[in-house]
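Peer 1: Just a sequence and a predicted model for now, questions to come.
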Amino acid sequence: MTRILSTGETSLDETMREMGRRARSASQRLTQLTAAQRTEGLLAMADALSSAERIILDANARDVKAGREKGLSDAMLDRLMLNADRIHAIANAVRKIAALPDPVGDEIARWTVPSGLDIARIRTPLGVVGIIYESRPNVTADAAALCLRSGNACILRCGSESLQSSLAIAMALRSGLQSVGVVADAIQLVETTDRDAVGHMLAGLDGNLDVLVPRGGKNLVARVQKDARVPVIGHLEGLCHAYVDVDADPEKTVNIVFNAKMRRTGVCGALETLLINKSVARQLLPAIAATLRDAGCELRGDEAAREILPDMTPAQPSDWQTEYLAPILAVRIVDGLDEAMEHIARYGTGHTELIITENKTSAERFLAGVDASIVLHNASTQFADGGEFGMGAEIGIATGRIHARGPVGAEQLTIFKYVVRGNGQIRP
C-alpha cells in the first residue's frame, strides 16, 4: 500500500496523485475480470480478515486507547471498538456481498431501431470511487467490498480516530486480493491524518477520481458537497418524519414509533419528528409518549401537543429542523395528511419518511407525493438500511436527485453504457 512518509521523501501532493494513478490503472484491470473472479477476490478478502484478527484487534486497541485519552464519548468509542465477534461480523458482511448478484455487464434494456441497429444498455463500473468516512472501521471493509463487487477501484480516507484499525483491515483486504491474483491497488487507504488529503480527493486527483461518497457527520458531508470538483453521492442529514394518520392502528402505531425512535437513536434512519392527526392525537399520543419516556426519550411538543401532555418541553422553531441523533423527539399535531406532507416538504431532508395508516388510499397518496429517497408505510424508519433492503451492505443513504438515491449498494456504484451492434449500416 502507498505509504505517506513524514520524512519528506514523498510530498502529500505527489503521494495522493500517485494513489490516483494507481487506482485508475487498477480500475482498468478490474474491467477484465469475470464475475467469478470478483467473487473469488471477495471471498479471499473475507478469509484474510479472519486470519488477521489478532493484528486488527491490536491495532484497534491502540485506536481505542488514543480515543479515550482524547476524551471521545462512549457512543464514539462504541462505534470505534472492535472485538472478535465484530471482526467475524465484518468478514461475514464481505461474504454476503460476495454472494450478491454481480451487476457488471447486466443488460438493463435492449431494442432494435428502424435502421436495424441492435442497441443495449449495459451496467458498467463508475471507475474509481473515493470514500471519505469517520470513526467506524467496519466501513473500510464494507466500502471496499461493495466497490469490488461493482468492478470499481477505491481510495479510502478514514477518520483519524480509526486510522490504525482501518490500516490493518485494508492491509488484510489487499493481501486477500493478492492471494488470488487480483490487483491489490483496487483498494488503497490514505495513511495520514493530514486534512489536506481530503482536499486533494475533492480536487479529483488529476481526473483519476470519478465520484466521491462521504459517510459521516453533517460537517464532513457539507464540505464534500460544497467543495468537490467531481460528482458526489451523499446526504447531509436524516431528518426523518412519521405521520400518524386518522386511520392508524393504535398498537402498530405505538410499536412502530418506539422502534423508529429508540432502537438506535444515533443512526440516520432514526425518527426525529412525529406528526399526529388531531382527530386521534388525544387517544394515541399519551400511549406513544409513555413508552418513549419510559425508555428515556425527551418529547418536545407544539402548543396543541402540550394541551394533551402539558409536561412536554415546548418545541422551538429549531426543533423542526434538527437531526437530534439522540433520545429526543419533536411532536406536532396536524390537521391531516395535507398538512403533514406540507411540513415534510418544508423541513424534510429527503432521507426517509413514514406514514402509519390502515387507509390504503391515504398511504398511496403519501408514498407518491412525498419527495424522499425512502418512503415507508406501516414500518419503522430504522429499515432505512442497505442490509435490510437485501443489498448485503451499503456505503450510505443518498438523498440527491442524480444517479443513486436511497441505500448505495453495489448496483448503485455502477453507471451504464450503450452497446450498439450493426451489420454495415451507414447513416444517410
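Peer 2: Nice, I can see it. Numbers count the residues shown, from 1 in each chain.

Peer 1: quick one: low-confidence ranges for the stretch 251-400 of the chain?
Peer 2: Filtered on pLDDT under 70, the stretch 251-400 of the chain yields no residues whatsoever.

Peer 1: Strands of the stretch 151-300 of the chain, start to end?
Peer 2: Secondary structure of the stretch 151-300 of the chain (DSSP state E, counting those that start in this stretch): strands located at 153-157, 187-189, 211-215, 240-244, 271-277, 298-301.

Peer 1: Please render those as CSV that adds distance to Glu251 to the earlier fields.
Peer 2: Placement of C-beta: from N, CA and C, glycine included. Shown next, in CSV, are those (distance: least, CB to CB, whole Å):
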stretch, distance to Glu251
strand 153-157, 45
strand 187-189, 47
strand 211-215, 36
strand 240-244, 12
strand 271-277, 16
strand 298-301, 20
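
Peer 1: So for Ala120, which of those strands sits nearest?
Peer 2: strand 211-215 (23.5 Å; CB to CB).

Peer 1: which other helices and strands contact the closest one?
Peer 2: Here strand 211-215 touches strand 128-133, helix 138-149, helix 218-227, going by 3 or more CB pairs under 8 Å, 6 or more residues apart in numbering; DSSP states H and E.

Peer 1: Leaving out sequence neighbours, find the closest residue to Ala260.
Peer 2: Using CB to CB, 6 or more residues apart in numbering and skipping the chain neighbours, the partner closest in space to Ala260 is Leu271 (3.8 Å).

Peer 1: thinking again about what came up before, closest one to Val139 among the strands of the stretch 151-300 of the chain?
Peer 2: Closest to Val139 of these, according to CB to CB: strand 211-215, at 6.2 Å.

Peer 1: could you dump the helices and strands packed on strand 211-215 to JSON lines with distance to Ser73?
Peer 2: Shown next, in JSON lines, are the helices and strands packed on strand 211-215 (distance: least, CB to CB, whole Å):
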{"stretch": "strand 128-133", "distance to Ser73": "18"}
{"stretch": "helix 138-149", "distance to Ser73": "19"}
{"stretch": "helix 218-227", "distance to Ser73": "16"}
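
Peer 1: of all these, which lies closest to Gly369?
Peer 2: Between the helices and strands packed on strand 211-215, helix 218-227 lies closest to Gly369; by CB to CB that is 26.1 Å.

Peer 1: Quick check: phi and psi at the closest residue to Arg421 other than its chain neighbours.
Peer 2: Spatial nearest neighbour of Arg421, excluding adjacent residues (CB to CB, 6+ apart): Asp118 at 4.3 Å. Main-chain torsions, Asp118, degrees, to the nearest 10: phi -100, psi 120.

Peer 1: List the beta-bridge partners for Asp118.
Peer 2: Here Asp118 sits in beta bridges with Thr112, Arg421, as judged by DSSP bridges.

Peer 1: which residues touch it?
Peer 2: Going by CB atoms under 8 Å, 6 or more residues apart in numbering, Asp118 touches Arg110, Thr112, Val420, Arg421, Gly422.

Peer 1: Looking at those, which one is closest to Gln321?
Peer 2: Arg110 (46.4 Å).

Peer 1: Dump the helix or strand hosting the closest one to CSV, restricted to CA.
Peer 2: If you go by DSSP states H and E, Arg110 is part of strand 107-112. Written as CSV, here are the backbone C-alpha positions of strand 107-112 (Å, rounded to 0.1, in the frame of the first residue of the first chain):
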residue,chain,number,x,y,z
GLU,A,107,-28.4,-5.8,-19.7
ILE,A,108,-30.8,-3.1,-18.4
ALA,A,109,-32.7,-2.8,-21.7
ARG,A,110,-32.4,-3.8,-25.4
TRP,A,111,-34.1,-2.8,-28.5
THR,A,112,-33.8,-2.5,-32.3
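
Peer 1: and it, how far out from the chain's middle?
Peer 2: When C-alpha coordinates are averaged (CA atoms, centre = their mean, to the nearest Å), strand 107-112 and its chain have centres 30 Å apart.

Peer 1: And stretch 191-211, by the same measure?
Peer 2: The answer for stretch 191-211 is 20 Å, by CA atoms, centre = their mean.

Peer 1: what comes up buried for it?
Peer 2: Across stretch 191-211, burial judged by 16 or more other CB atoms under 10 Å covers 191-192, 197-198, 200-205, 208-211.

Peer 1: How about stretch 324-344?
Peer 2: 324-325, 327-334, 337, 339-341, 343-344.

Peer 1: One more: stretch 371-384?
Peer 2: Neighbour-count burial for stretch 371-384 flags Ala372, Ser373, Ile374, Val375, Leu376, Ser380, Thr381, Gln382, Phe383, Ala384 (criterion: 16+ other CB under 10 Å).

Peer 1: and which of those is nearest Leu284?
Peer 2: Ser380 (16.5 Å).

Peer 1: how near is the closest one to Arg346?
Peer 2: Distance, Ser380 to Arg346, using CB to CB, to the nearest Å: 23 Å.

Peer 1: Ile97 now?
Peer 2: According to CB to CB, Ile97 and Arg346 sit 38 Å apart.

Peer 1: if you count what's nearby, which of the two comes out ahead?
Peer 2: Set Ile97 next to Arg346 and count neighbours by other CB atoms under 10 Å: Ile97 wins out with 27 against 9.

Peer 1: Pull up the gap between that one and Gly387, please.
Peer 2: Ile97 is 10 Å from Gly387, by CB to CB.

Peer 1: Also Asp118?
Peer 2: Taking CB to CB, one finds Asp118 at 38 Å from Gly387.

Peer 1: repeat for Ile308
Peer 2: 37 Å.

Peer 1: doesn't Gln164 make contact with Arg62?
Peer 2: Yes. Arg62 is within contact range of Gln164, at 4.9 Å (criterion: CB atoms under 8 Å).

Peer 1: what number of residues lie near Gly390?
Peer 2: Around Gly390 there are 10 residues (other CB under 10 Å).

Peer 1: for Ala91, that is, sorry about that
Peer 2: 21.

Peer 1: that's a strand at it, yeah?
Peer 2: No. Ala91 is assigned helix when assessed by DSSP: H, G, I helix; E, B strand; the rest coil, not a strand.

Peer 1: Quick one: residues contacting it.
Peer 2: Ala46, Asp47, Leu49, Ser50, Ala141.

Peer 1: do the same with Ala368
Peer 2: Contacts of Ala368 (CB under 8 Å, 6+ apart): none.

Peer 1: Quickly find the element holding it.
Peer 2: helix 360-369.

Peer 1: roughly how far is that helix from the heart of the chain?
Peer 2: The chain centre lies 26 Å from the centre of helix 360-369; the measure is CA atoms, centre = their mean.

Peer 1: cool, and stretch 30-45?
Peer 2: Here stretch 30-45 shows a centroid-to-chain-centroid distance of 23 Å under the convention CA atoms, centre = their mean.
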